[in-house]
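*Asks:* my questions are about this predicted structure, shown below with the sequence.
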Amino acid sequence: MGIAAKHHVARYALLTVFFFVQAAVAGETLLVLASQPGDYIGAGQQRVITTTDADFSVMGNSGNGVSFNINDFNRPDPIYTFWYVDLAAPIGSELVVGAYEGATRFSFREPGEPGLDISGDGRGCNMLYGRFDVLEAEYDVQTGEVVRFAADFEQHCESPLAPALLGAIRYDSDVPVSIKVPPTIRVETPLNHQGCAEATGPNGGRLEFTALPLASDSYTFRWTTSTGRTGTGESFRAWARLDSPVTVTLAQTNTSTRETISVTRGICASDTTPPLVEIRKPVNGETFANGNIPLVVRVTDRVDKKISHYKAFVGYESTVPLNDSGLSHTKLPPARTVKGGTEVMIRVEAQDAHGNVGLAESWVTIVKNAGQ
């Protein structure tokens, strides 16, 4: 998280967009994150973290406010989820039920400004703009410890016009969650380093999805894609075209209220698998008379069906180190000598249309007269 200098922020109008409605369970403790696409903190995702997922600790902070530390560090097989929520009234005021407009980053707020800071999983705002509503705030009269607490928040990183992180924090609270949280589309198919499904053929690759609703009610699901494919149920399969992104939309209907809410995400398929290169002749370890080395190569690729050529290298390969200035002064080593001849490496490389390079190597021995 970066460090910001103190700054003054004029009052401004924040765009508040509420998506969905979800009832709260009595005495619930949870953190709800509904991140708009492009929001840095929430990364455009929707999450609900409960005491099933992580431990919640709460304490008063230096601004007469409330701070939450939420993590799974002490859980068996943790996935290292960690989030922090800091809320404070303007300096000199107590944090009580009410609306807090024009909030800035908690640690650097100016007099008259409420403090807000939602950060986690290694991401935080430098400059922060937002607002929050405290819906319940009950403190122990003897110790001052937080007994019950509920707040909804809206946070923008770096600019008040940046995409928002909407959310809610509840601590042993019966207050319903009034921000509306869409279901989550979970991709079950392993993704490659480009964030896409690995193509299995010229047309792309298949992805499998699961709908993850907020757990309390009963829902039905309908899936659609920008290519026209549809489906129903909690699971769905769709085909992503190679190098042509597709969108998949999940519409979730509450069976009791008949309210339908939806979420859309992009999917893609790409080719990161190199061609399969096989040196069929010579076989590794064969011996040949000088100048008589046959070369038979087979190149296959499940996506780029036809590869027109390959590169062949014959000779000894050496790895030469560079100094700190990126320079090297050396002599190339001679070919590797073995009993009865000279050992030579044959290397074949083939590149597909997506830049993936496959290679194969074979070592052979050359002698003056084969069989000696």
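*Replies:* Thanks, I have it. Everything numeric here is computed off the predicted structure, so don't read it as measured data.

*Asks:* CA only for contacts and neighbour counts going forward, please
*Replies:* Will do.

*Asks:* tell me, how many residues neighbour Thr330?
*Replies:* The burial count assigned to Thr330 is 7, neighbours taken as other Cα atoms under 10 Å.

*Asks:* need the contact list for it.
*Replies:* By Cα atoms under 8 Å, 6 or more residues apart in numbering, the residues touching Thr330 are Val320.

*Asks:* switch to 10 Å and redo it
*Replies:* Val320, Pro321 (Cα atoms under 10 Å, 6 or more residues apart in numbering).

*Asks:* begin at 218, not 1, for the rest of this chat.
*Replies:* Sure, I'll start numbering at 218, so the last one becomes Thr547.

*Asks:* can you verify it is assigned to a strand?
*Replies:* No. Counting by DSSP: H, G, I helix; E, B strand; the rest coil, one finds Thr547 to be coil, located in no strand.

*Asks:* quick check: it vs Met276, distance?
*Replies:* Distance of Thr547 to Met276, computed by Cα to Cα, to the nearest Å: 64 Å.

*Asks:* domain parsing of this protein, as residue ranges.
*Replies:* 245-390, 401-487, 493-584 (automatic domain parsing).

*Asks:* will you turn those domains into TSV that also has mean pLDDT?
*Replies:* Formatted as TSV, those follow (pLDDT from 0 to 100):
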stretch	mean pLDDT
domain 245-390	91
domain 401-487	87
domain 493-584	85
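
*Asks:* can you report phi and psi for the residue nearest to Ala570 when sequence neighbours are not counted?
*Replies:* The shortest distance from Ala570 to any non-neighbouring residue, by Cα to Cα, 6 or more residues apart in numbering, is to Asp521 (6.7 Å). Here the main-chain torsion angles of Asp521 (degrees, to the nearest 10) amount to phi -90, psi 90.

*Asks:* ok, Asp521 touching His571?
*Replies:* Yes. The criterion here is Cα atoms under 10 Å, and Asp521 meets it with His571 at 8.5 Å.

*Asks:* where along the stretch 268-417 of the chain do the strands fall?
*Replies:* 272-277, 283-288, 299-305, 315-322, 332-337, 345-356, 363-374, 381-390, 401-404, 414-415 (DSSP state E, counting those that start in this stretch).

*Asks:* same thing with the stretch 468-589 of the chain?
*Replies:* 477-484, 486-487, 493-498, 504-506, 513-517, 528-531, 553-555, 558-568, 574-584.

*Asks:* elements contacting the second one?
*Replies:* Spelled out, it's strand 486-487. Counting contacts by 3 or more Cα pairs under 10 Å, 6 or more residues apart in numbering; DSSP states H and E, strand 486-487 packs against strand 414-415, strand 421-429, strand 452-458.

*Asks:* reformat the strands of the stretch 268-417 of the chain as a markdown table; add distance to Thr427 and mean neighbour count.
*Replies:* Shown next, in a markdown table, are these (distance: least, Cα to Cα, whole Å; neighbours: other Cα atoms under 10 Å):
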| stretch | distance to Thr427 | mean neighbour count |
| --- | --- | --- |
| strand 272-277 | 26 | 16 |
| strand 283-288 | 25 | 21 |
| strand 299-305 | 24 | 22 |
| strand 315-322 | 36 | 22 |
| strand 332-337 | 25 | 25 |
| strand 345-356 | 32 | 20 |
| strand 363-374 | 28 | 22 |
| strand 381-390 | 23 | 24 |
| strand 401-404 | 5 | 18 |
| strand 414-415 | 15 | 26 |
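
*Asks:* hmm, back to that, out of the domains of the chain, which is the most enclosed?
*Replies:* When you average the neighbours per residue for each of the domains of the chain (mean count of other Cα atoms under 10 Å), domain 245-390 leads with a mean of 19.

*Asks:* chain center to it: distance?
*Replies:* Taking Cα atoms, centre = their mean, to the nearest Å, one finds domain 245-390 lying 22 Å from the centre of the chain it belongs to.

*Asks:* thought Pro254 was touching Leu383?
*Replies:* No. Taking Cα under 10 Å as the definition, Pro254 is not a contact partner of Leu383, at 11.5 Å.

*Asks:* hey, what's in contact with both of Asp521 and His571?
*Replies:* Counting by Cα under 10 Å, 6+ apart, the common neighbours of Asp521 and His571 are Asp488, Pro491.

*Asks:* how about the contacts made by Leu320?
*Replies:* Just so we're on the same page, residue 320 is Ala rather than Leu. Contacts of Ala320 by Cα under 10 Å, 6+ apart are 226, 228, 304-307, 326-327, 329-334, 345-349, 370-372.

*Asks:* related to what we said a few turns ago, can I get the strands of the stretch 268-417 of the chain in a markdown table including distance to Ser473?
*Replies:* Below are these laid out as a markdown table (distance: least, Cα to Cα, whole Å):
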| stretch | distance to Ser473 |
| --- | --- |
| strand 272-277 | 31 |
| strand 283-288 | 32 |
| strand 299-305 | 33 |
| strand 315-322 | 32 |
| strand 332-337 | 33 |
| strand 345-356 | 26 |
| strand 363-374 | 25 |
| strand 381-390 | 24 |
| strand 401-404 | 20 |
| strand 414-415 | 36 |
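
*Asks:* ok, for Thr437, nearest residue in space, not its chain neighbours?
*Replies:* Thr470 (5.3 Å).

*Asks:* is that neighbour in a bridge, and if so with what?
*Replies:* Thr437, Thr477 (DSSP bridges).

*Asks:* swap in Arg423?
*Replies:* Trp456.

*Asks:* isn't it up against Ala455?
*Replies:* Yes. At 5.7 Å, Arg423 and Ala455 qualify as touching, with contact defined as Cα under 10 Å.
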